[in-house]
Every structure is written in structure tokens, then in C-alpha cells.
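Asks: with the input below, show me the fold.
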Amino acid sequence: MRSYLIFILVTGFFFSLSAQDLSNKKKQLEELQEAIKRQNEIIEEKEKEKTDTIGNLEIKRLKKQEIDSKIQRLSDSEKKVQQKLNETILKIDRVELDLLNLYLSCEKEFKDLMLLHYNVDNDADNEIGKEYLSIILNHTLDEIYSTQETKDFLEIDKKDKRYYFANVISEKESSKKKKTEFESEISYIQEDLSRLEAEKKELEERKIRLEEEAAALDELIAKLQSELTVDYFSYEFSSPRLNWPVEGEIIRSFGEHKSEEYKVSLMNHGIDIAVNEGTAVKAIDAGVVAFAEWYSGSGKLVILNHQNGYYSLYSHNSNLLVSKGDRINKDQAIALSGKTGSTDIPCLHFEIRKHGDPVDPLDFLK
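Replies: Now for the predicted structure:
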């Protein structure tokens with residue numbers, strides 16, 4: 001925001017003002033005070049938004065910590081389940097090996113029994129051998145059945161453990177996804193918090209500038225109350241229409257400009273003309289240099305007293321070509337354009353003031 005109101009301070013010291021002018025300045029002061037009040041309200045809103053954002057950030061961080069703990073628990077559980085699953089698989093492998101050996105033993109015992117059964121010698125020893133092999137065979141078959149049951153149980157246990165293991169992996173992946181989402185939200189909230197900090201800082205700086213302008217205007221009003229005089233100027237230039245100080249596009253017109261974002265109305269007391277840096281800035285008419293130096297947000301500023309009740313102001317220059325007290329001719333180069341002061345692009349801020357009050361320059365330019 002350019003500090004156009006500060007121009008009043010400069011021009012106020014170069015011409016006398018009437019009671020009506022004093023009333024206008026008081027009205028401007030009231031507008032400034034109202035703008036400061038609105039700035040305070042906006043700052044309070046931003047502070048509340050910042051507090052809410054910080055609270056939301058803490059909640060997200062706590063949830064992320066919970067997810068981190070859950071992921072760690074699931075990782076530990078995953079390791080334990082994997083270990084138990086490996087143990088069960090190893091047991092199944094051993095049982096299968098036992099079953100294979102039992103089947104081989106059973107097959108051999110059955111063959112031996114068959115040989116004895118078909119043996120032509122049916123003596124007592126042969127009968128005893130058959131009976132013994134039969135007992136051994138039945139015992140082996142019992143072991144096979146028992147081992148098979150053990151294997152079936154272990155297969156069921158393995159299936160359960162694999163199902164549980166898959167659930168742990170699935171829950172862990174889901175938790176990792178949630179963690180990523182929380183990290184993304186935290187990052188977004190932190191960016192939002194940084195934005196709020198920057199906006200609040202800008203608002204506070206804007207408030208300070210408004211307060212400075214109000215203080216300066218208050219001081220000027222006090223001075224004007226002791227310097228009320230009547231003037232007798234012609235209020236006429238050398239021609240009805242004057243040449244432009246520079247050629248360029250108007251990027252900010254004369255009058256009130258409202259900021260919807262910051263709920264503040266600001267007056268532009270002149271026009272802003274886009275122009276290349278280093279362009280010659282020319283006097284609109286003859287006059288005397290009343291001011292030529294750096295001034296606050298105006299940067300390098302030239303003020304001409306046309307000695308007819310009018311003053312013209314040329315600000316944001318890069319170089320000044322005249323000094324206070326110099327007599328200037330119409331269309332004489334008085335400065336080189338630039339972007340000094342509060343502007344961040346090359347331009348000329350140009351004003352015409354009648355008896356201290358700003359008037360629309362377009363009413364006087366060709």
C-alpha cells in the first residue's frame with residue numbers, strides 16, 4: 001500500500017489552508033482511525049485463525065504419533081507371527097518326514113508278514129513270527145494315524161497363522177497409508193500456518209503505517225488550526241489543457257480504492273502511470289521547486305509550486321534533476337522515473353493539488 005496520505009505532510013508546509021481545508025483534514029483523520037480499527041479487527045481474526053490452525057496441527061501430530069506407535073506394534077507382531085509360522089512349517093516338515101519313515105516301515109513289515117503267511121512251514125516259530133509282525137504292523141499304523149492327525153492339526157494352525165499374518169500386513173499397510181495422509185495434512189497445515197504468519201505480519205505493518213499517517217495528520221491539523229489564512233490565487237495554468245508528465249498507461253486512477261481482502265478503503269490522491277525506468281519526467285507547467293528529495297513511501301519526490309494556487313507532485317523517481325528553489329519552465333525535465341519508495345514496479349505517481357486538496361489530474365491533462 002502506497003502511503004499517499006503522507007503527501008499531505010509535505011504539501012501542508014508550502015501553502016496556507018482555509019477552515020474548510022481543516023475540516024477536510026479532520027475527516028481524513030476520522031477515515032484513517034476507522035481504517036485502523038478495521039485493521040485491528042482483521043488482525044484479531046487472523047490471530048484466531050492462527051490459534052485454530054495450531055490446535056489442528058497438534059491434533060494431527062498426536063494422531064501421527066498414535067499411527068507410528070501402531071505401526072511399530074504391528075511390525076513387532078508381524079515378526080512374532082512370522083517366527084511362529086516358520087516354526088509351524090518346520091514342525092510340518094518334520095512330521096511329514098516321520099510319516100514317510102512310518103510308511104516305509106509299514107511297507108517293509110507288511111511284506112515280511114506276507115512272506116511268513118505264504119511260508120509252507122507252519123511250525124510254532126513261524127506262527128509266533130506272524131503274530132509279532134502283526135503287532136508291529138498295527139503299532140506302526142497307529143503311529144501313522146496319530147502322526148497324520150498331528151500333521152492335519154499343524155496344517156490348520158499354519159493356515160490360521162498365515163491368515164493372521166496377512167491381516168497384520170494389511171493393517172500395517174493401511175496404517176502406513178494413514179501415516180502418509182497425516183504427514184501430508186501436517187505439511188499443508190504448516191504451510192497454511194506460515195501463510196497466516198506472513199498475512200498477520202503484513203497486516204500489522206499496514207496498521208503501523210496507518211497509525212503513523214494518522215499521527216502525522218493529527219499533527220498537521222494542530223498546525224493548521226493556528227495558520228488559517230485566506231489566499232488570493234488565480235487558479236489558472238498557462239493553458240486549459242497541459243502536457244502529460246510522461247507517456248504511459250494509467251495503472252491506478254484517482255479516487256477511492258477498496259480492498260475486499262483487507263476491508264480497507266484507501267484514497268489515491270493522484271494517478272499512477274506505468275513507465276520504463278529512466279524515462280524523463282517533465283513539469284506540466286512553469287513553477288518553483290518547493291521540495292526535491294527522498295520522502296518516505298514516495299521515494300524520490302519533486303513538488304512544484306506553480307504560484308497560482310496549484311501544486312504538482314512527482315514521486316517514485318530514480319534520479320532528481322532539480323533542487324529546491326529552482327525555477328522550472330513548462331515541459332522541462334525535472335527527474336528520471338523509477339521505482340523508489342513503496343512501489344515495486346517502475347511508475348510515476350502524479351498529483352495536482354488545489355489549495356492543498358487533491359484534484360483529478362485528468363481534468364487538466366490533454
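
Asks: what's the neighbour count on L90?
Replies: By other CB atoms under 10 Å, the residues close to L90 number 11. Every residue, glycine included, has its C-beta placed from N, CA and C.

Asks: strands along the stretch 151-300 of the chain, start to end?
Replies: Assigned by DSSP state E, counting those that start in this stretch, the stretch 151-300 of the chain shows strands spanning 249-252, 255-259, 264-268, 271-274, 280-282, 287-295, 299-305.

Asks: weakest of these in terms of mean pLDDT?
Replies: The minimum mean pLDDT among those belongs to strand 264-268 (a mean of 66).

Asks: quick one: closest of the strands of the stretch 151-300 of the chain to N317.
Replies: Closest to N317 of these is strand 299-305 (CB to CB; 4.2 Å).

Asks: run through who's touching that closest one.
Replies: Contacts to strand 299-305, defined as CB atoms under 8 Å, 6 or more residues apart in numbering, come from residues 10-11, 14-15, 281, 283, 285, 287-295, 311-320, 322, 328, 334-335, 338-343.

Asks: who does the lengthiest strand in the chain pair up with?
Replies: Across the chain, the longest stretch assigned as strand under DSSP state E is strand 310-320. Looking at strand 310-320 with DSSP bridges, its partner strands are strand 299-305 (antiparallel), strand 333-337 (antiparallel), strand 347-354 (antiparallel).

Asks: list the buried residues for the last one?
Replies: What that stands for is strand 347-354. Neighbour-count burial for strand 347-354 flags C347, L348, H349, F350, E351, I352, R353 (criterion: 16 or more other CB atoms under 10 Å).

Asks: what's the answer for the shortest one, then?
Replies: Using 16+ other CB under 10 Å as the test for burial, strand 333-337 gives I334, A335, L336, S337.

Asks: closest to L141 among those residues?
Replies: Closest approach between the buried residues of strand 333-337 and L141, by CB to CB: S337, at 110.1 Å.

Asks: right, and that closest one touches H349 too?
Replies: No - judged on CB atoms under 8 Å, S337 makes no contact with H349 at a distance of 10.2 Å.

Asks: find residues that contact each of those two.
Replies: Joint contacts of S337 and H349 (CB under 8 Å, 6+ apart) are H316.

Asks: quick revisit: nearest to L100 among the strands of the stretch 151-300 of the chain would be which one?
Replies: That would be strand 255-259 among the strands of the stretch 151-300 of the chain, by CB to CB, at 88.2 Å.
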